[in-house]
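Student: Quick one, what's the 3D model for this:
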Amino acid sequence: MIGVHQVDPAEVSPGEFAQNVRTAVEETKVSVVLIDSLNGYLNAMPSESFLLIQMHELLTYLSTHGVLTLMTLAQHGLLGNMQSPVDITYLADSVIVLRYFEAFGEVKQAIAVIKKRTGGHERVIRQFQLSADGLHIGQPLTNFEGVLTGVPTFKGEQGSLIPEPQTNA
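Tutor: The predicted model follows:
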């Protein structure tokens with residue numbers, strides 16, 4: 001039910017990749033495509049404008065065939081001021097941003113929906129945590145400012161965050 005295909009951008013051209021995706025949709029009735037990540041695709045392109053044209057064509061094709069497409073894009077920089085190598089947000093129906101931030105001497109993770117093309121959506125930033133127990137979403141980070149910049153300023157009390165899971169060290 002799930003097919004995973006590793007693609008080396010040095011060996012597969014962007015056009016060949018797009019054709020492989022189209023073939024999977026037409027021959028095996030793929031209903032979800034995850035491209036992880038666009039950074040490799042971008043590195044295989046001679047310029048950003050070619051990537052945008054290729055992605056627009058591929059996403060339009062997938063959309064007209066009812067395929068849910070998920071894409072990841074790693075930003076440059078780990079903490080602080082982060083920049084995307086290319087802005088493809090206009091191609092996406094929804095954009096979810098994951099960020100690291102520091103609080104109380106620990107690295108935390110935040111999640112926010114930046115764009116949702118159809119319908120209303122929550123505009124708050126929340127802490128999230130992946131653990132052995134699954135995904136945990138916290139209350140809105142109303143006690144912080146600047147979380148998405150990577151340089152937050154704390155304005156509240158420590159008890160408002162998800163507690164770290166206990167480990168047996």
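
Student: ok, the residue nearest in space to the middle of the chain to Tyr41 distance?
Tutor: Closest residue to the average C-alpha location of the chain: Thr72 at 4.2 Å, with Cα atoms, centre = their mean. Thr72 sits at a distance of 11 Å from Tyr41 (criterion: Cβ to Cβ, to the nearest Å). Any C-beta I mention is one placed from the backbone N, CA and C, and that applies to glycine too.

Student: where do the contact lists of those two overlap?
Tutor: Taking Cβ atoms under 8 Å, 6 or more residues apart in numbering as the criterion, Thr72 and Tyr41 both touch Ile35.

Student: pull the helix or strand with minimum mean pLDDT from the chain.
Tutor: The weakest-scoring helix or strand in the chain, judged by mean pLDDT, DSSP states H and E, is helix 38-43 (a mean of 78).

Student: Mind giving me the packing neighbours of it?
Tutor: With contacts taken as 3 or more Cβ pairs under 8 Å, 6 or more residues apart in numbering; DSSP states H and E, helix 38-43 sits against helix 48-64.

Student: then the helix or strand following the helix it packs on to PDB, C-alphas only?
Tutor: Downstream of helix 48-64, the next assigned helix or strand under DSSP states H and E is strand 68-71. Provided in PDB are the C-alpha atoms of strand 68-71 (Å, rounded to 0.1, in the frame of the first residue of the first chain):
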ATOM      1  CA  LEU A  68      -2.800  14.900  -2.100                       C
ATOM      2  CA  THR A  69       0.700  16.200  -2.400                       C
ATOM      3  CA  LEU A  70       2.900  16.900   0.700                       C
ATOM      4  CA  MET A  71       6.200  18.600   0.300                       C
END
